[in-house]
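# next one to model:
(2 chains)
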Number of protein chains: 2
Amino acid sequence: MVAARQALPLDVPVGAVLLHQGQVIAQAYNRRELDCDPVGHAEILALRAAAQKLERWRLTETILYVTLEPCPMCAAAIQQARVQQVIFGAYDPLMGACGSQFNILPPSGPLPVLGGILEQECSGLLKAFFQEKREKA
Amino acid sequence: MVAARQALPLDVPVGAVLLHQGQVIAQAYNRRELDCDPVGHAEILALRAAAQKLERWRLTETILYVTLEPCPMCAAAIQQARVQQVIFGAYDPLMGACGSQFNILPPSGPLPVLGGILEQECSGLLKAFFQEKREKA
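Just a heads-up that it's a prediction; the model follows:
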């Protein structure tokens, strides 16, 4: 949640934290607009930072926490990076790739995924962002 | 093909070039091992470089050329970045997401995809890389 808020006011407030053996080794927030980066989602940035820290791109023994259900790009990146487990907050009925709209990381797949943790807080932050955007438009 | 060869000897030789209104604005090669970057595929690096050049992450009016059929992560990134067309060389029966194994960018989808261009040359380079790897192992 703290990471997610850092994306404001420019980017959709999504934050991600990566743990390795119980220690936080990376945290990131969505910077797509800020950095003009088409792959600048919180998950991707956390994966990249963690890989730099561990000096390997295969992120075995890591757990990813993210405030929003990963999109297909992020879900596939998480899978390819060998992340061990994913725990997310709000479900994303439009772009969610952990079963909501796409099945890159299905709930019953080989990579354990747990959704809906702190769902109210995570989705509340997103709803407020989009409501403010609509009001300004 | 020139970009792809730059990935050698460490990384799987895949190269990508991005055109905007007929001009090459970015080229990249697979640097996953070299950079310890879980998302360091040629396509992702070309998208990021092009976005920096155009100063926007929505890469409308661009065409991506890549020597290998994109994987699910890259295919989803290409789609989200609003690339207009994809042209690739070798098909990837294991990880290809343009119809070979996954259907992120299916051949008959809204984003035009053309595969099999210079297929022999592109797949020859990959086969030689993996054969050498097997011989060394």
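
# drop to CA atoms for contacts and neighbour counts, all remaining ones
Will do.

# give me the low-pLDDT residue ranges for chain A?
Low-confidence segments of chain A, defined by pLDDT under 70, are absent.

# how about the helices of it, start to end?
All helices of chain A, identified by DSSP state H, fall at A:2-5, A:32-35, A:42-54, A:72-80, A:119-136.

# and the fourth one, what does it pack onto?
So the one you mean is helix A:72-80. When contacts are defined as 3 or more C-alpha pairs under 8 Å, 6 or more residues apart in numbering or on different chains; DSSP states H and E, helix A:72-80 packs onto helix A:42-54, helix B:72-80.

# hmm, back to that, just put the helices of chain A in TSV and tack on mean neighbour count and distance to residue B:83.
Shown next, in TSV, are these (neighbours: other C-alpha atoms under 10 Å in any protein chain shown; distance: least, C-alpha to C-alpha, whole Å):
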stretch	mean neighbour count	distance to residue B:83
helix A:2-5	19	27
helix A:32-35	18	16
helix A:42-54	23	19
helix A:72-80	24	14
helix A:119-136	14	25
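
# need the residues of chain A near chain B, please.
Residues of chain A lying close to chain B (C-alpha under 8 Å from any C-alpha of the partner chain) are A:32-33, A:36-39, A:44, A:47-48, A:51-52, A:55-58, A:72-77, A:80-81.

# still on that earlier bit, right, and the helices and strands packed on helix A:72-80 - which one's nearest residue A:103?
helix B:72-80 (11.6 Å; C-alpha to C-alpha).

# off-centre distance for that closest one?
10 Å (C-alpha atoms, centre = their mean, to the nearest Å).

# try stretch A:63-77
Taking mean C-alpha positions (C-alpha atoms, centre = their mean), stretch A:63-77 and its chain are 4 Å apart.

# next: stretch A:93-104.
In terms of C-alpha atoms, centre = their mean, the centre of stretch A:93-104 is found 13 Å from the chain centre.

# go on, stretch A:48-67?
Distance, centroid of stretch A:48-67 to centroid of chain: 13 Å (C-alpha atoms, centre = their mean).

# so how far is the first residue of that stretch from its last?
By C-alpha to C-alpha, to the nearest Å, the extent of stretch A:48-67 from end to end equals 18 Å.

# contacts for it?
Residues from elsewhere that reach stretch A:48-67, judged by C-alpha atoms under 8 Å, 6 or more residues apart in numbering or on different chains: A:1, A:4, A:14-21, A:25-27, A:42-43, A:47, A:80-90, A:122, B:32-33, B:36-39.

# give me that answer again for 6 Å
For stretch A:48-67, contacts defined as C-alpha atoms under 6 Å, 6 or more residues apart in numbering or on different chains pick out A:14-20, A:25-26, A:81-89, A:122, B:36-38.

# which ones among these map onto strands?
A:15-20, A:25-26, A:85-89 (DSSP state E).
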